[in-house]
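# Structure for this input, please:
(chains A and B)
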Protein chains: 2
Amino acid sequence: MPSQNVYENAVFFENYSALPRSVHGLDGAPEWPRLQEFLPDLAGARVLDLGCGFGWFCRWAADHGAEGVHGVDIPTNMLEKARSMSQDKHSGITYARANLDALELPESDSASYDLVFSSLAFHYLEHWPPLVRLIHRVLRPGGRLVFSVEHPIFTCPPARALMVDPGTGRKYWKLEDYQKEGIRSKPWFVDGVEKQHRTMATYINLLLDTGFKLANFDEWCPTVDQLRAHPEWETEFIRPMFLLIGAVKTLRLDEGIA
Amino acid sequence: MPSQNVYENAVFFENYSALPRSVHGLDGAPEWPRLQEFLPDLAGARVLDLGCGFGWFCRWAADHGAEGVHGVDIPTNMLEKARSMSQDKHSGITYARANLDALELPESDSASYDLVFSSLAFHYLEHWPPLVRLIHRVLRPGGRLVFSVEHPIFTCPPARALMVDPGTGRKYWKLEDYQKEGIRSKPWFVDGVEKQHRTMATYINLLLDTGFKLANFDEWCPTVDQLRAHPEWETEFIRPMFLLIGAVKTLRLDEGIA
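Presented below is the predicted three-dimensional model:
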């Protein structure tokens, strides 16, 4: 799914596959309880998952009443694993290999989805604006886009940013180049993993300008219980890592935002 | 208007009064051209300015067709200057001294304003949520709240944050304590000027939960022309200083945000 498709790098894939969110699925993703609150009732819903990875959300949606679930991603190794983990009861799920940076969906999909979901995928994409317009097209009026991305504060530094002040011993986040959007290439299991930095204004304004109403917004932070179980997450109080957004397709694109 | 009311400190007031935005009014405020784009047509409009200062916006609104303009602030020295700068043509403007942290408005003001405006005032307030509910009450359905505050990235560090990396010579922003909301006490002309840090999620969610629809959003950044005239504003590319928001009162509070 990333333009770079680092997920098909063997070293990266082995390490990524060992992450709690890969092993334990949604329950291994600390931001999931909050993101879940943004979801509509899925009974009978048609769901599109952009960047479905191992298919954890696709199966969760099917288990919660969705009657048609379509998962899209580009790494073939992830799609293979997604298919292998689906059971008979998940017969309503289809997986397809596609590059989200140039995604096309048939005209028959227009105004057909109740929910478009995407977890931590959009910050890899070079061409996010056309994808948002496509999402708006395939959602029915009143349908929802619920997604997470790495927070703009997290993506903006061009280099390693979690530092320790030698004088006080306090950790801080070395923030740079916030207003300079574009590729950031940083190590994550392997060198040079490429992600796209966008400002908060870019995320929000593209949604508003495309004909979405902002419905839910969060900058994920551990709860007291989560912090007790994971004291190492105190870092999340220094700077947010995840941006979570829920948006509703307004009745007509030509209504604008007035 | 701040809880602390530093604006009545003589040293602070003398320095603040010499700022471009104090001497030249709206044209001296670099974020004004962008904030102005969020404003509705003011012909015949009733306008409330919370934290009116020297009254620059009140006079601008009256000059642009507003038929009733009410400016509220707490520093008496600012209100005196605001009154002294108003001319006969500004007869529709009234100024009142009030603490925005405990503002009350008469029942007769309910659903009466077309625009509530506030420039760089809310980040002084300890009790912003009740003020937002009051604003929602006094706006007519479809009326707008347009405001600027210091950006959460700008307010969050507990100490001086614009630093220079000794190795590279590059400037960076030492971001700390983003998720820890509350008072920050930092020097600005005088020691210990108190401002309130709130996260982006707090700003946005309070608006949505109160019954506003997000309509406009910006993290101010100089334009190419502005940067050419003020090369020292390159700092604004490192981290945003101003958050600008426009929000529309939805028809009924009980409609929620669905």
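# Only C-alpha atoms from now on, for both contacts and neighbour counts.
OK.
# Show me what the strand of greatest length in chain A is packed against.
Counting residues, the longest strand found in chain A (DSSP state E) is strand A:139-150. If contacts are counted by 3 or more CA pairs under 8 Å, 6 or more residues apart in numbering or on different chains; DSSP states H and E, strand A:139-150 sits against helix A:32-36, strand A:113-119, strand A:242-249.
# and the last one, average pLDDT?
Confidence over strand A:242-249 (mean pLDDT, whole number) is 98.
# ditto for the second one
Mean pLDDT, taken over the full extent of strand A:113-119, equals 98.
# and that strand with chain B, contact?
No - residues of strand A:113-119 contacting chain B under CA under 8 Å from any CA of the partner chain: none, with a closest distance of 13.9 Å.
# and the residue lying closest to A:Tyr7 once chain neighbours are set aside, which of the three is it?
Among residues not flanking A:Tyr7 along the chain, A:Phe13 sits closest, at 5.4 Å (CA to CA, 6 or more residues apart in numbering or on different chains). Of the three states, A:Phe13 takes helix under DSSP: H, G, I helix; E, B strand; the rest coil.
# is it true that A:Phe13 touches A:Ser22?
No - checked against CA atoms under 8 Å, the pair A:Phe13 and A:Ser22 is beyond contact range at 10.3 Å.
# can you map out the strands along the stretch 1-150 of chain A?
Taking DSSP state E, counting those that start in this stretch to define them, one finds strands in the stretch 1-150 of chain A at A:46-50, A:68-73, A:93-97, A:113-119, A:139-150.
# In TSV, list those strands along with mean neighbour count.
Putting the strands of the stretch 1-150 of chain A into TSV (neighbours: other CA atoms under 10 Å in any protein chain shown) gives the following:
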stretch	mean neighbour count
strand A:46-50	25
strand A:68-73	23
strand A:93-97	17
strand A:113-119	23
strand A:139-150	23
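# Rebuild the ones you listed as TSV, extending it with distance to B:Lys186.
Listed next are the strands of the stretch 1-150 of chain A as TSV, based on distance: least, CA to CA, whole Å:
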stretch	distance to B:Lys186
strand A:46-50	44
strand A:68-73	48
strand A:93-97	53
strand A:113-119	38
strand A:139-150	30
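# Against chain B, how distant is A:Met85?
34 Å (CA to the nearest CA, to the nearest Å).
# Can you give the contact residues for the helix or strand following the longest strand of chain A?
Moving toward the C-terminus from strand A:139-150, the first helix or strand encountered (DSSP states H and E) is helix A:152-155. Outside of helix A:152-155, the residues within contact range by CA atoms under 8 Å, 6 or more residues apart in numbering or on different chains are A:175, A:178, A:184, A:195-200, A:239-243.
# Just the buried residues of helix A:152-155, please?
Across helix A:152-155, burial judged by 16 or more other CA atoms under 10 Å in any protein chain shown covers A:152-155.
# got a list of what A:Gly143 touches?
A:113-115, A:248-249.
# can we see that at 10 Å?
With contacts defined as CA atoms under 10 Å, 6 or more residues apart in numbering or on different chains, the neighbours of A:Gly143 are A:40, A:45-46, A:111-116, A:136, A:212, A:247-251.
# Quick one: residues contacting the residue nearest to A:Arg21 when sequence neighbours are not counted.
Of all residues not flanking A:Arg21 in the chain, A:Gly28 sits nearest, at 4.2 Å (CA to CA, 6+ apart). The contact partners of A:Gly28, by CA under 10 Å, 6+ apart, come to A:19-22.
# Show me which of these are buried.
A:21-22.
# would CSV of the contacts of A:Gly28 with distance to B:Gln226 and pLDDT be doable?
Below are the contacts of A:Gly28 laid out as CSV (distance: CA to CA, whole Å; pLDDT from 0 to 100):
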residue, distance to B:Gln226, pLDDT
A:Leu19, 46, 92
A:Pro20, 47, 91
A:Arg21, 45, 92
A:Ser22, 47, 90
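# which residues in the stretch 51-200 of chain A form helices?
A:56-63, A:76-85, A:128-138, A:152-155, A:200-210 (DSSP state H, counting those that start in this stretch).
# tell me which strands and helices the second one is in contact with?
Taking 3 or more CA pairs under 10 Å, 6 or more residues apart in numbering or on different chains; DSSP states H and E as contact, the helices and strands that helix A:76-85 lies on are helix A:10-17, helix A:56-63, strand A:68-73, strand A:93-97.
# Now render those as JSON lines, adding mean pLDDT.
Below are those laid out as JSON lines (pLDDT from 0 to 100):
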{"stretch": "helix A:10-17", "mean pLDDT": "91"}
{"stretch": "helix A:56-63", "mean pLDDT": "96"}
{"stretch": "strand A:68-73", "mean pLDDT": "96"}
{"stretch": "strand A:93-97", "mean pLDDT": "96"}
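# Among the ones you listed, which comes closest to B:Pro33?
strand A:68-73 (42.1 Å; CA to CA).
# Pull out the CA atoms of that closest one and give them to me as PDB.
Taking Å, rounded to 0.1, in the frame of the first residue of the first chain, the C-alpha atoms of strand A:68-73 are listed here in PDB:
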ATOM      1  CA  GLY A  68     -20.200  -7.100   2.600                       C
ATOM      2  CA  VAL A  69     -16.600  -6.300   3.500                       C
ATOM      3  CA  HIS A  70     -13.900  -5.400   0.900                       C
ATOM      4  CA  GLY A  71     -10.300  -5.200   2.000                       C
ATOM      5  CA  VAL A  72      -7.700  -3.500  -0.200                       C
ATOM      6  CA  ASP A  73      -3.900  -3.400   0.200                       C
END
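# Just give the strands next to it in its sheet, each with its orientation.
Applying DSSP bridges to the sheet, strand A:68-73 is found paired with strand A:46-50 (parallel), strand A:93-97 (parallel).
# now that strand against strand A:113-119, angle please.
30 degrees (axes from the mean of the first three to the mean of the last three CA atoms, to 10 degrees).
# Give me the distance from strand A:68-73 to the chain's centre.
14 Å (CA atoms, centre = their mean, to the nearest Å).
# Pull the residues that contact it.
So strand A:68-73 is contacted by A:1-2, A:44-59, A:61-62, A:79, A:82, A:90-100, A:103, A:113, A:115-118, A:121 (CA under 10 Å, 6+ apart).
# low pLDDT regions in chain A?
Where chain A drops to pLDDT under 70, the residues are A:1-3, A:251-258.
# Relative to chain B, how far out is the residue lying farthest from the centre of it?
Relative to the centre of chain A, the most outlying C-alpha is that of A:Gly167, 37.3 Å out, by CA atoms, centre = their mean. Going from A:Gly167 to chain B by CA to the nearest CA gives 14 Å.
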